[in-house]
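# Here's a sequence, model it:
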Amino acid sequence: MKMSSVVDGLQADAEAVGELGDEVVAEVAARIASVLARSVPSRILDLLSDVAAELSAELPDGRVEIRLVGEDVEFAYVDERPAPADAEAELSARITLRLPEQLKARVEECAAREGVSANGWILRALERATSTPTAQGRRGSAGTRLRGYGTS
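Below you'll find the model as predicted:
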């Protein structure tokens, strides 16, 4: 969903109201349209954030995230089910990873908090990171994109 289409529509509606009156009404309508262009995107994100939080509360094994990519707003489902114990037994590829001791401690702490092994926690983190639209090749110009997600 492109937020600009909603903003542009509201601006056009406000300007159409201005055409119903004289020059003063048209100027006031143009000012209102300008204010709407600045405030509506944050209001839309607030609303969508509330929707995502309500949906997440109803989901037993995951959550809904809002992802903002340029002017596109997307909903994404994040599965938070722990990996089955036998799933790790099927793993055959190996990577040797050298970590700073502090990072290793944080990974182990997060894994313990979620009740999974450090390997399982890293596996899920890698799976989430590589399954996002950005990781699948939808890259834009550097510095023009806000990455991440918001929770409320």
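
# quick one: contacts for residue 41?
3, 7 (C-beta atoms under 8 Å, 6 or more residues apart in numbering). Placement of C-beta: from N, CA and C, glycine included.

# helix, strand or coil for it?
helix (DSSP: H, G, I helix; E, B strand; the rest coil).

# For residue 122, see how far away it is.
Residue 41 is 36 Å from residue 122, where distance means C-beta to C-beta, to the nearest Å.

# same question, residue 102
16 Å.

# What of residue 110?
10 Å.

# Compare neighbour counts for those two and give me the winner.
residue 122 (17 against 14; other C-beta atoms under 10 Å).

# per-residue pLDDT, residue 31?
Turning to residue 31, the model gives it a pLDDT of 90.

# Where does residue 25 fall, secondary structure wise?
helix 23-58 (DSSP states H and E).

# what comes up buried for that helix?
29, 32-33, 36, 40-41, 48-49, 52, 56 (16 or more other C-beta atoms under 10 Å).

# Could you save these as TSV and add columns showing distance to residue 130?
Listed next are these as TSV, based on distance: C-beta to C-beta, whole Å:
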residue	distance to residue 130
29	48
32	45
33	42
36	39
40	34
41	29
48	25
49	25
52	22
56	22
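
# Check whether the residue nearest to the spatial centre of the chain sits in a helix, strand or coil.
For the chain, the residue nearest the mean C-alpha position is residue 67 (2.2 Å; C-alpha atoms, centre = their mean). Going by three-state DSSP, the secondary structure assigned to residue 67 is strand.
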